[in-house]
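# below is the sequence, then the predicted model.
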Amino acid sequence: MSGVKIRADAALEWQLELTEQEATAPEVKQAVAEVIAHMRSGRGRNRRGGQALLRLLEQARLRASEENEWDIVCLLHEAHGYATGRILNPDFDERYRLIKDGERNDSLQNFVAGTLNSALKFVSEAGSEYLAEHPEADTSDLLHYVSTLGEDAQFLDAPEETPGRYRIVRGTAELTLWLQRALSERIDIENPKETAQRIAMSSEKVEALAKDPDGQAILKATELKQRSDTLTELRKLVDDPTTGEEALQELLHQHPWIFGGRFVDAATRRRLVDGEELDIPLIRADGSLHVVELKRALRSSGIIKRHRNAWVPTAEVHNAVGQAINYLASLDEHRQRIRDEFGLETKRASATVVIGHPKLHPEVAERELNEALRTLNTHTNRVEVLTYTELLDNAARALGDTPTP
């Protein structure tokens, strides 16, 4: 019960007075009177609550059960529920108003009826608009739309430019939930739910993120989320046997960070030497060029083979390495012109060949496959070979995620 705010107000005091009147055994009356006395012992007009109030309620409930006064037990149980917030004030007040004056308070009933009527009208109109815009939608689509609309409604917005009108910003609930999870799991913020709601409900979200005390942390979390989504998309492409090099190249060129933090960007120009076009030219922090040569992930005959009781790279891998070496040789040969025309330094240029996938060799442990490629890397100056799985796992670790098996 630690951390629960204990409620002690007039409604609870009145209910306990009623309970004391209804009790018959002196021990029970005395126990209830002690609860009331505790509440009235607060300073000024403030009623006293706290854990002591709960203990006294529990003791009184126990006394009532020992005397078989089960009606009093129920009353004290409900008093305890109200004090701890399990029973809400409107329910508590309505329930005991019946006993107090014998008449119901119709205001709550009318309020609920009016709210329900307005809500159903709103749902009906929103559903009609949705079906008009999506004539192909079925019942499940409509129910999903209404459900998400209800989730977004808790973040109702009141634009300053339209006084007296309100709006529901679609997607706010999902954004808030993601922000809350990001703040809870990645960032140390005392109240992530409140912070996420404050940011998500801002009409100028990016500006608010920059100005909010937690904004920089949230921007970083947003970047991590975007990068994690990119890795998920790339992994789907890699795991699809029909994916060609062009699709992989397009995605990877847009996200050079996947290759590691030592690269600051991707060069915009891919043709630096006549007759040769680089798959992905990356720029290192020192301004030098790094060449990425992409090969197929799963559409391959294999990237290792058995030779003299050991696994060694196949000719397909050696051909890819040879192609990368030829690129580097051409860049060295035209170094001066490339630096003058494009401002890129190729003297210290290096290359990475991304090829294949452990799924090509289900009979070989992934550790043995990687070891065969690492052995090759120790003998190829300036060129590194790795599989798409290694590339993805390295990027996932850089984000703080656990690589997907």
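Yes, it's here.

# give me the mean pLDDT for the helix or strand hosting residue 19.
Mapping residue 19 onto the secondary structure by DSSP states H and E places it in helix 10-22. The predicted model assigns helix 10-22 a mean pLDDT of 91.

# again, but for stretch 133-142
Averaging the model's pLDDT scores along stretch 133-142 yields 86.

# start and end of it, how far apart?
11 Å (C-alpha to C-alpha, to the nearest Å).

# which residues make contact with it from outside it?
127, 130, 131, 145 (C-beta atoms under 8 Å, 6 or more residues apart in numbering). The C-beta positions use only the backbone N, C-alpha and C, and glycine is treated the same way.

# from the contact counts, what lies against the helix or strand following the helix holding residue 19?
Sequence order places helix 26-39 as the next helix or strand after helix 10-22, per DSSP H and E. Packing contacts for helix 26-39, counted by 3 or more C-beta pairs under 8 Å, 6 or more residues apart in numbering; DSSP states H and E, involve helix 10-22, helix 50-66, helix 70-83.

# which stretch among those helices is buried most, on average?
Of all the helices and strands packed on helix 26-39, helix 70-83 has the most neighbours on average by mean count of other C-beta atoms under 10 Å, namely a mean of 20.

# pLDDT on it, on average?
In the prediction, helix 70-83 has an average pLDDT of 89.

# which other helices and strands contact it?
Using 3+ C-beta pairs under 8 Å, 6+ apart, helix 70-83 is in contact with helix 10-22, helix 26-39, helix 50-66, helix 89-101.

# and the gap between the residue lying closest to residue 292 once chain neighbours are set aside and residue 248?
Leaving aside its chain neighbours, residue 292 sits nearest to residue 280 (3.9 Å; criterion: C-beta to C-beta, 6 or more residues apart in numbering). Using C-beta to C-beta, to the nearest Å, residue 280 is found at 10 Å from residue 248.

# okay, these two: which has more neighbours?
Taking other C-beta atoms under 10 Å, residue 280 and residue 248 do not tie; residue 280 has more neighbours (24 against 21).

# per-domain residue ranges of this structure.
Residue ranges for the domains of the chain, per automatic domain parsing: 10-104, 108-153, 172-234, 244-398.

# longest strand in this protein, please.
strand 345-354 (DSSP state E).

# report the rounded mean pLDDT for that one.
89.

# in it, which residues are buried?
By 16 or more other C-beta atoms under 10 Å, the buried positions in strand 345-354 come out as 345, 346, 349, 350, 351, 352, 353, 354.

# so the last one touches residue 294, yeah?
Yes. Contact status for residue 354 versus residue 294: in contact at 5.4 Å, counting by C-beta atoms under 8 Å.

# so which elements touch the helix holding residue 19?
helix 26-39, helix 70-83, helix 89-101.

# want to throw those into TSV with distance to residue 303?
Output for these, formatted as TSV (distance: least, C-beta to C-beta, whole Å):
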stretch	distance to residue 303
helix 26-39	77
helix 70-83	66
helix 89-101	68
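
# between the ones you listed, which one is nearest to residue 56?
For residue 56, the closest of the helices and strands packed on helix 10-22 is helix 26-39, at 4.5 Å, according to C-beta to C-beta.

# what's the angle between that closest one and helix 70-83?
On the basis of axes from the mean of the first three to the mean of the last three C-alpha atoms, to 10 degrees, helix 26-39 is oriented at 20 degrees to helix 70-83.

# need the contact partners of helix 26-39.
8, 12-13, 16-17, 19-20, 23, 47-49, 52-53, 56-57, 59-60, 63-64, 66-67, 69, 72, 76, 79.

# centre of the chain to it, how far?
A distance of 50 Å separates the centroid of the chain from that of helix 26-39, by C-alpha atoms, centre = their mean, to the nearest Å.

# next: stretch 237-245.
27 Å.

# outside of it, which residues touch it?
With C-beta under 8 Å, 6+ apart as the test, stretch 237-245 has contacts from 247-248, 251, 279, 294-299, 357, 359, 388-389, 392.

# and the contacts of stretch 66-75?
Under C-beta under 8 Å, 6+ apart, the answer for stretch 66-75 is 15, 18-19, 22-25, 27-28, 32, 61, 64-65.

# and which of those is nearest to residue 318?
Looking across those and measuring by C-beta to C-beta, the closest to residue 318 is residue 61, at 81.9 Å.

# residue 22 versus the closest one, what's the distance?
According to C-beta to C-beta, residue 61 and residue 22 sit 14 Å apart.

# and for residue 345?
Counting by C-beta to C-beta, the gap from residue 345 to residue 22 is 91 Å.

# also residue 371?
Residue 371 is 81 Å from residue 22, by C-beta to C-beta.

# name the nearest residue to residue 333, sequence neighbours excluded.
Per C-beta to C-beta, 6+ apart, closest to residue 333 is residue 273, 7.9 Å.
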